Structure formats: C-alpha cells, structure tokens
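1. Got a predicted model here, sequence first, then my questions.
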Amino acid sequence: MIHITEKQTCCGCAACVQCCPKQCITLEEDREGFLYPHVDPDTCIDCHLCEKVCPCLNPPEKIAPTAVLAAKNRDEEERMESSSGGLFIALAKHTLARGGVVFGAVFDEHWEVKHTCADTIAGVLPMMGSKYLQSRIGNSFREAEKFLKAGRDVLFVGTPCQITGLHNFLRKDYPNLLSVDILCHGVPSPGVWRRYLLESTRREAKSPILTRIKFRSKREYGWSNYCFVISGQPAPGKDETVLHSGRRGKDAYLRGFLSNLYLRPSCYHCLCKNGVSHSDLTIADFWGINRLMPDFHDEKGVGLVLISSEKGQQTIDSLPLETRPSSLDKVRPLNGGFREEVKIPPQRDLFYQAFQEGKPLQETIGRLLHVPLYRRISRKIKQIIRKRSKH
C-alpha cells in the first residue's frame, strides 16, 4: 500500500492510481497545492502493485544517451510558436502521419494543465509550448496502454517522473511507443498558479475572459529574453488584449519558479532524471548555443535532443530538422535541467506561510526574492571578471 509520510518521496505521476485493480487510490491536493495519493484501507487488497510502479520506490537504472544534437524545426513559424526548437510538433506530426496518437499537456477550461491525447493536428496544437506547472496525468497511462495494445503508434511526452511512471506502469517494452521526456527544471504548484492567475488578471479586469497564455512568448523580445503573456477579453464583447505580461526575470511567477521557490518537494532531489526514465528522446532548449555554435544560434530558438534508443534515432533522422552534433560534456554545464539535486530555498517556508494566509503573491514573491543593491553590484562585477578571464 502506498503511504506517503514524507512529501519528497512522491512525484505525483499517478501511476499508483492507474494500476490499482480496486480503484481505491485517489489524489488529493495538499496545503501547498500539489496532489498526493490517498488509499482507502477498507478497499485495498494489499496487492502491492502501487508500490511496484512507483518511480520513487522503484527508479530504473540509468541509461546514457547515444547521441546529443542541436536541432531546429525547418518550419520557422512552428519554431516561433514552440519551445525546444519546435521539436515536439515535428514529432507529433510524424506520429499523426503514421495513424498514431499523441499524449501531451494542455490547458483545461480553468487554465490549469492536464495530460490528454489527440489524433488530429487540431488536438495536438494546444500541446505546444512550455507550461510551468505540474500537469494532472489523469488516466493517460491506461489510455496509452489501450492504444499500444491495439497496435497504434503512441507518442507520449512528459516530465522525467511521468515517463518513468509510464514505463513502470506498462511493465513491458512496446515497439510502437515513442516516449519523450523534457529536461525538467522542476514542477511548480498548481495551487500557486491558480492563485497567481486570479490575482494577475483580476488586476486589469473584474471578470476577464482568458483566451491565450504563453509562458515563453518569443514575439516581443526573442527566444533568449522571452516574455510571459496572458491575453483575453476584459469583458464580454470586448476585443482581445494583453491582461498581464512580464519579461524573463521580471515577472513574479517566473522569478519564483526559476528560484525554485514553490517546486514540488520531490523536485529538490529528483530520482528520475538523466536516463532513469528510459525515454527514447529527451528534448529541451539548447541554452548556451550562442557560445558553443554561434553560427547556429538565432532568436527563434534552438532545441537540444538527447537520443537514447535506436527507435529515437530513427525517428529524429526522419524529421524535417536541421541538426548539429554536440556532446553531453558540453551541454550539461549550460542547462540547469540536468541537476538532480537543487537546494531548497530558505524562503520556501515563509512563502507557503504567506500563501496559506492568503497574502498577495506578487508582493510576497517580490519581498522574499529581493536582492539588495550592493549584492546586485557585486554579482555584476563578478560576471564581468569571469568574462574577461575567459578571453
């Protein structure tokens, strides 16, 4: 029986919920806004399947990537609307062309994030782009298994813990499954996002109708200085407008996320990264491409691909991508998503105390992450010294 006594031992992948033959496990939201499994002991038959599929209790052994690439989708408009160099939509189109099904994360009717499946391009398009909060996986593993057993190709994209949970749930290899994980910074709290969304949009309008959310829009300032944009109608019948926007490093929600202020407890010591998930491919944005391959860099975005299987290699070879070879030694220092251990910020408890007291999030995040002027000057001087020492 799954029994969570320490929050850092549960990644929220919901594999335990989906494998339970008695359906006696449910997910309940805690005070930090994350979902955790709860078992009905009167219904549980002690089959221990939930424990066997748990990525935290049974993480597989790591496998190393066989190849590392910088990659760009050749369709520049798709690349502009995407993260990771437009790799996801290229993979999705490849799967659809083979009569397959794509699983990925979309916004629901409340602008929270859930996993769903689609076998049309119209259903896949909402899966594009970064979504900085933990998605509800629902019954996606069960649904994927049904499609796989029916012989259809399945592309399943998720965080490393979700892909580990998927493989543990399936308990066998399927030649028609292409699993893809992202190089994950960690997942923020859906509860925090829910509150932040309400506060940031109600500031501009009493009852706005949201129409689009882009966590990383490149349209305003480019890929390396992306902008968080929430668009909508301030009132019924009004034209769409920007209800909230903030550049990278300026928007409070993004600052809190990038400072690890409200990540899931399991994310501070991730057990599923760097080959544990056994994904066929790992995709990410190729941060630092301007230093490693300046002639390949542009502000539409460049993707990073880690290939870990022959199936993954064959798929990448068949896509309309422009690629350049790289190596793990070169890319690892440039992307924080490789880090398995992340320090818990000392302000995290203070943040959640303020969150549970209902204090405004923008003010709380700004206060807790404020850096005094003398420290900012000191950091700038150190950056200049480091740059000059490299030349």
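-> In hand now; what should we look at? Residues are numbered from 1 along each chain as shown.
2. Tell me, please, where in the stretch 251-391 of the chain the pLDDT is lower than the cut-off.
-> 372-376, 379, 386-391 (pLDDT under 70).
3. Let's see that with 90 instead.
-> Low-confidence segments of the stretch 251-391 of the chain (pLDDT under 90): 370-391.
4. quick one, phi psi at T211?
-> When read as degrees, to the nearest 10, the backbone of T211 gives phi -120, psi -30.
5. Apologies, that question was intended for M80.
-> Taking degrees, to the nearest 10 as the convention, M80 sits at phi -60, psi -30.
6. Tell me which residues of stretch 262-280 come out buried.
-> Using 16 or more other C-beta atoms under 10 Å as the test for burial, stretch 262-280 gives 262-268, 270-280. Any C-beta I mention is one placed from the backbone N, CA and C, and that applies to glycine too.
7. just stretch 124-132 next, same as before
-> Buried-residue list, stretch 124-132, by 16+ other C-beta under 10 Å: 124, 127-132.
8. can you check stretch 299-309 too?
-> In stretch 299-309, counting by 16+ other C-beta under 10 Å, buried: 300-309.
9. can you redo these as a markdown table with distance to V68 and secondary structure?
-> Below are those laid out as a markdown table (distance: C-beta to C-beta, whole Å; DSSP: H, G, I helix; E, B strand; the rest coil):
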| residue | distance to V68 | secondary structure |
| --- | --- | --- |
| K300 | 21 | coil |
| G301 | 17 | coil |
| V302 | 13 | coil |
| G303 | 11 | strand |
| L304 | 7 | strand |
| V305 | 7 | strand |
| L306 | 6 | strand |
| I307 | 7 | strand |
| S308 | 10 | coil |
| S309 | 14 | coil |
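10. ok, those residues vs F228, which is closest?
-> For these, the minimum distance to F228 (C-beta to C-beta) is 15.7 Å, reached by G301.
11. returning to that earlier point: pick the one among the buried residues of stretch 299-309 closest to L87.
-> Of all the buried residues of stretch 299-309, G303 has the smallest distance to L87: 4.5 Å, by C-beta to C-beta.
12. hey, what's the closest one bridged with?
-> A71, D285 (DSSP bridges).
13. And it, how close does it get to D239?
-> 34 Å (C-beta to C-beta, to the nearest Å).
14. where do the strands sit along the stretch 251-391 of the chain?
-> Secondary structure of the stretch 251-391 of the chain by DSSP state E, counting those that start in this stretch: the strands cover 281-285, 303-307, 321-326.
15. tilt between the last one and strand 303-307?
-> In this case it means strand 321-326. Note on geometry: by axes from the mean of the first three to the mean of the last three C-alpha atoms, to 10 degrees, strand 321-326 and strand 303-307 are set 70 degrees apart in direction.
16. repeat for the first one
-> Calculated by the same axes, to 10 degrees, strand 281-285 forms an angle of 160 degrees with strand 303-307.
17. re the thing from before, would you turn the buried residues of stretch 299-309 into TSV with distance to V371?
-> As requested, those are exported to TSV (distance: C-beta to C-beta, whole Å):
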residue	distance to V371
K300	31
G301	28
V302	30
G303	32
L304	29
V305	35
L306	34
I307	39
S308	39
S309	43
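18. Pretty sure K238 sits in a strand.
-> No: read with DSSP: H, G, I helix; E, B strand; the rest coil, K238 is coil and lies in no strand.
19. neighbours around it, how many?
-> 12 (other C-beta atoms under 10 Å).
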